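# this is the structure alone, sequence omitted:
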């Protein structure tokens, strides 16, 4: 059977418009029960999607979330939909952004749920108001419970397990997994999966908003335990700090990371990072806008109750040159 990815490549060769190609991929992912609405959803009237609000937990200046934003805005341009992107790392502030979007009467909502419990009342309020919601990136397990029509992202535990196994297969014996956001369920799942795939590990909690302290704490951990021969970071910004910490501590430690940015590309090329787990976050911005259009105009849902997976994929020295230009233009 032709995979969804193969369908997309074929559609692109036929020079279909980007949003039609994405719609075909999404349709290929749908399954039994795909016409059912989420629990607590108000009756939906078939109509036009004019506006979509995207509300994420991204930190200011985070290159990862800039790519998500680029994907959402590109989909809006292709589909003729006004897309407004906002983010807040604090879950209370993120909930307020969701409430504002509901009050404005947007036609669709895209939400990342790093702290699902804090966002639940706001997401359910949107659903009760008849606003279809697609969750992205984090909160996969809670998405359907809260009434979302679908989820787009990578299964974090699965991705973490694959990363941990890859480091173990490289002959590493002791791993440090660096968690950059307290209370982020996705980050915790990544580390839990990595430990499962690797065998055992030490975790280190840091604050992404204090990069100097991040580097200092990683350096301190490496100096305190010279047996650590692998560091796994869960964010591209933290990866750069980990690379510098390894140099400063003069440790013989391999560094790997989740997510791409230009610094990660350079570090992989230089041999300072062995790989990056790529969850193709551009799709996490683009595909939900397509899903909302299909749902509102044709009552289509995607995934049959399962998330639409955008990863994991791995970028290493053998593949980095192929994606470097895409990272530079803000789509990977």
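Okay, I see it. Predicted model, so just to flag it, every value in this text is computed and none were measured.

# residue 195 contacts residue 164, doesn't it?
Yes - using Cβ atoms under 8 Å, residue 195 is in contact with residue 164, at 6.4 Å. Backbone N, C-alpha and C define where each C-beta goes, glycine included.

# looking only at neighbour counts, state which of the two leads.
residue 164 (28 against 19; other Cβ atoms under 10 Å).

# confidence score at the residue lying closest to that one once chain neighbours are set aside?
The shortest distance from residue 164 to any non-neighbouring residue, by Cβ to Cβ, 6 or more residues apart in numbering, is to residue 197 (3.0 Å). Listed pLDDT for residue 197 reads 97.

# can you start the count at 36 instead of 1 from here on
Sounds good: first residue 36 from here, last item residue 232.

# re earlier: which neighbours do residue 230 and residue 199 have in common?
210, 236 (Cβ atoms under 8 Å, 6 or more residues apart in numbering).

# for stretch 144-163, buried residues please.
By 16 or more other Cβ atoms under 10 Å, the buried positions in stretch 144-163 come out as 144-151, 153-155, 157-162.

# first to last residue in stretch 145-155, what's the distance?
This stretch, stretch 145-155, spans 14 Å end to end (Cα to Cα, to the nearest Å).

# now it, how far from the chain's geometric center?
Centroid separation between stretch 145-155 and its chain, computed with Cα atoms, centre = their mean, to the nearest Å, is 13 Å.

# give me the contacts around that stretch.
For stretch 145-155, contacts defined as Cβ under 8 Å, 6+ apart pick out 87-93, 107, 126-127, 129-130, 133, 158, 168-174, 176-178, 181, 183, 216, 218-222, 320, 323-324, 327.

# now the strands for this structure?
Taking DSSP state E, the strands of the chain run over residues 86-91, 117-122, 143-147, 168-171, 185-188, 210-214, 236-240, 265-268, 289-293, 311-313, 343-344, 348-350.

# reformat these as JSON lines; add distance to residue 253 and mean pLDDT.
Shown next, in JSON lines, are those (distance: least, Cβ to Cβ, whole Å; pLDDT from 0 to 100):
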{"stretch": "strand 86-91", "distance to residue 253": "26", "mean pLDDT": "98"}
{"stretch": "strand 117-122", "distance to residue 253": "25", "mean pLDDT": "98"}
{"stretch": "strand 143-147", "distance to residue 253": "26", "mean pLDDT": "98"}
{"stretch": "strand 168-171", "distance to residue 253": "28", "mean pLDDT": "98"}
{"stretch": "strand 185-188", "distance to residue 253": "26", "mean pLDDT": "97"}
{"stretch": "strand 210-214", "distance to residue 253": "6", "mean pLDDT": "97"}
{"stretch": "strand 236-240", "distance to residue 253": "7", "mean pLDDT": "94"}
{"stretch": "strand 265-268", "distance to residue 253": "7", "mean pLDDT": "98"}
{"stretch": "strand 289-293", "distance to residue 253": "9", "mean pLDDT": "97"}
{"stretch": "strand 311-313", "distance to residue 253": "17", "mean pLDDT": "96"}
{"stretch": "strand 343-344", "distance to residue 253": "30", "mean pLDDT": "96"}
{"stretch": "strand 348-350", "distance to residue 253": "22", "mean pLDDT": "95"}
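
# ok, the spatially closest residue to residue 240 that is not a sequence neighbour to residue 239 distance?
Of all residues beyond its chain neighbours, the one nearest residue 240 is residue 214 (5.2 Å), with distances taken as Cβ to Cβ, 6+ apart. In this view, residue 214 and residue 239 are 7 Å apart by Cβ to Cβ, to the nearest Å.

# go on, residue 197?
Relative to residue 239, residue 197 is positioned 21 Å away (Cβ to Cβ).

# so for residue 47, what's the pLDDT?
The model's pLDDT for residue 47 equals 41.

# just the contacts of stretch 145-155: which are in helices?
If you go by DSSP state H, the contacts of stretch 145-155 have 107, 126-127, 129-130, 133, 158, 176-178, 220-222, 320, 323-324, 327 in helices.

# is it true that residue 241 touches residue 254?
No - taking contacts as Cβ under 8 Å, residue 241 lies outside contact range of residue 254: 11.4 Å.

# more neighbours: which of these two?
Neighbours per residue (other Cβ under 10 Å) separate residue 241 from residue 254, with residue 241 holding more: 24 against 20.
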